[in-house]
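Participant: need a 3D model of the sequence below.
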Amino acid sequence: MRIFISGFTGKRLLVPVFLLFLSGIVFALDDKDIKITEPHFTGSNSSIVDMMNSKAKEKFDEYRDSIISELGFLPKNFTNLAKGFANASVFSSDGASQRGYEGYNAFTFTFGFIGALQLPHYSILKDIMNTINSGGEGNKGSDFIKDIANVPFGYDLQALNAQFGINTSKILLEGLYIGFKFSKFDTNWIKTIPISGFSFSTMSIGVNASYQFIRQKRLFAGLLVWRGLNFGTGFIWQNTSLDIALALPLGEGLSDVKVPISDNISISMPINEVFNLDFKTNTYIVPFEAMTSIRFAWFLNLALGAGIDVAFGGSKINASGSLTGDKDKVTITGTVPQDDIRMDVAPSLKFSLAGNSSPSIFNVKAMFAAGFNLGPVIIDIPVTYYFLSNGWSLGLTFGVTL
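Facilitator: The predicted structure follows:
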């Protein structure tokens with residue numbers, strides 16, 4: 001029985017389960033989520049066929065109980081990990097940022113990318129490393145999964161962002177700047193994606209408004225420019241979609257799996273492995289920010305600010321995997337007339353999981369940016385740190401301002 005278990009479960013089945021964890025899933029794994037189909041045999045010798053089918057059902061019921069038992073260490077939910085991915089969507093919502101460049105005369109256009117991470121606090125990482133280092137070889141894998149399952153970790157990437165800002169001083173209100181943001185990316189645009197069955201897409205739409213509460217001041221003939229103090233808010237909708245369909249990375253050893261049926265009968269066959277993941281996140285962000293910046297020597301721009309992102313929304317995930325024997329390539333060994341016995345239903349293991357998560361509602365942040373403003377040209381590197389979640393975002397922005 002352990003031969004089958006090592007082929008279908010143990011460390012190998014933990015690989016696809018671990019992939020689900022990294023995708024921010026929230027689920028409770030029980031016997032309803034795992035389905036095992038025993039092999040079914042047919043042939044002219046009804047007594048031998050009935051015996052083999054009876055033994056197969058009995059043996060595969062034992063396998064199923066063993067699988068549930070081996071995965072029993074999994075916690076019932078993974079809310080911290082799921083929230084990490086939802087939070088990362090919020091953290092990456094400020095692509096093509098124009099923070100610290102208010103004071104332009106007419107308009108500004110920027111484009112760029114931004115990535116975001118939520119990282120566990122140091123104390124959590126230390127606990128995980130202690131678990132790994134102190135665990136024995138036999139239980140290190142399961143201890144690691146148990147600890148990492150609820151770690152607040154997440155990531156997101158908004159690859160292509162654009163923002164158009166307008167100075168409304170002549171048409172609405174002096175000192176009021178309004179910006180329109182759009183972001184879209186789809187791996188289907190790239191025909192040479194090296195991973196077959198992989199699709200990743202993002203989209204973001206937003207509007208923001210910034211009011212220059214304290215006006216810009218020029219000192220030393222423009223050598224030093226303080227851009228004043230700005231207060232801003234807005235609304236951003238953001239969507240991330242990830243679809244994966246691939247063979248499970250279970251390693252070698254499944255090309256000819258041997259499955260005992262009884263004490264003197266066994267079958268062996270190659271195994272086909274499939275993993276499907278459908279992951280979608282929708283977040284709605286309302287930022288509240290205070291920002292100031294200084295330009296040195298006519299080109300170096302440094303910005304500093306603070307704020308809070310109020311976020312709503314959620315993420316949904318549907319995942320499934322299967323390991324199915326190839327009944328056309330099965331070999332039956334033992335005291336049976338092989339020429340007369342054949343398999344008409346192949347054995348299989350299938351699991352199906354689903355879950356959802358939501359971001360933190362209040363995300364307090366500190367903002368920093370360093371860049372160059374050479375005449376109308378903007379090159380900027382915005383960085384944001386989220387205190388409560390230990391989250392980071394980093395971007396690169398290019399643009400022009402007139």
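Participant: low-confidence stretches in this structure?
Facilitator: Within the chain, the stretches falling below the threshold (pLDDT under 70) are 1-33, 67-79, 81, 123-125, 127-129, 131-150, 192-196, 247-259, 335-339, 353-355.
Participant: in it, which helix is the longest?
Facilitator: Ranked by number of residues, the top helix in the chain under DSSP state H is helix 46-70.
Participant: how distant is that one from the center of its chain?
Facilitator: Between the centre of helix 46-70 and the centre of its host chain there is 38 Å, according to Cα atoms, centre = their mean, to the nearest Å.
Participant: name the helices or strands packed onto that helix?
Facilitator: For helix 46-70, the contact count by 3 or more Cβ pairs under 8 Å, 6 or more residues apart in numbering; DSSP states H and E identifies helix 2-8, helix 10-22, strand 34-37, strand 40-43, strand 341-345 as packing neighbours. Any C-beta I mention is one placed from the backbone N, CA and C, and that applies to glycine too.
Participant: cutoff 7 Å now
Facilitator: helix 2-8, strand 34-37, strand 40-43 (3 or more Cβ pairs under 7 Å, 6 or more residues apart in numbering; DSSP states H and E).
Participant: could you pull out the strands in the stretch 151-300 of the chain for me?
Facilitator: In the stretch 151-300 of the chain, the segments counted as strands under DSSP state E, counting those that start in this stretch are 154-167, 176-186, 198-214, 217-219, 224-246, 257-260, 265-269, 271-296, 300-325.
Participant: thinking again about what came up before, got the angle between the longest helix of the chain and strand 265-269?
Facilitator: For the pair helix 46-70 and strand 265-269, the angle between their directions (axes from the mean of the first three to the mean of the last three Cα atoms, to 10 degrees) equals 70 degrees.
Participant: quick check: buried residues in the helix or strand just after helix 46-70?
Facilitator: Downstream of helix 46-70, the next assigned helix or strand under DSSP states H and E is helix 79-91. Buried residues in helix 79-91, counted by 16 or more other Cβ atoms under 10 Å: Asn80, Leu81, Ala82, Lys83, Gly84, Phe85, Ala86, Asn87, Ala88, Ser89, Val90, Phe91.
Participant: then helix 79-91 to CSV, C-alphas only?
Facilitator: Output for helix 79-91, consisting of C-alpha atoms alone and laid out as CSV, is shown next (Å, rounded to 0.1, in the frame of the first residue of the first chain):
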residue,chain,number,x,y,z
THR,A,79,-7.1,33.3,6.1
ASN,A,80,-3.8,35.0,6.7
LEU,A,81,-2.2,33.7,3.6
ALA,A,82,-5.3,34.5,1.5
LYS,A,83,-5.4,38.0,2.9
GLY,A,84,-1.8,38.5,2.0
PHE,A,85,-2.6,38.1,-1.7
ALA,A,86,-5.6,40.3,-1.5
ASN,A,87,-3.6,43.0,0.3
ALA,A,88,-0.9,42.8,-2.4
SER,A,89,-3.5,43.7,-4.9
VAL,A,90,-4.3,46.8,-2.9
PHE,A,91,-0.6,47.7,-2.5
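Participant: by how many degrees do it and strand 300-325 diverge?
Facilitator: 140 degrees.
Participant: the nearest residue to Arg218 once chain neighbours are set aside: neighbour count?
Facilitator: Distances taken as Cβ to Cβ, 6 or more residues apart in numbering put Val225 closest to Arg218, at 5.2 Å, once the chain neighbours are dropped. The burial count assigned to Val225 is 19, neighbours taken as other Cβ atoms under 10 Å.
Participant: I am finished for the moment; much appreciated.
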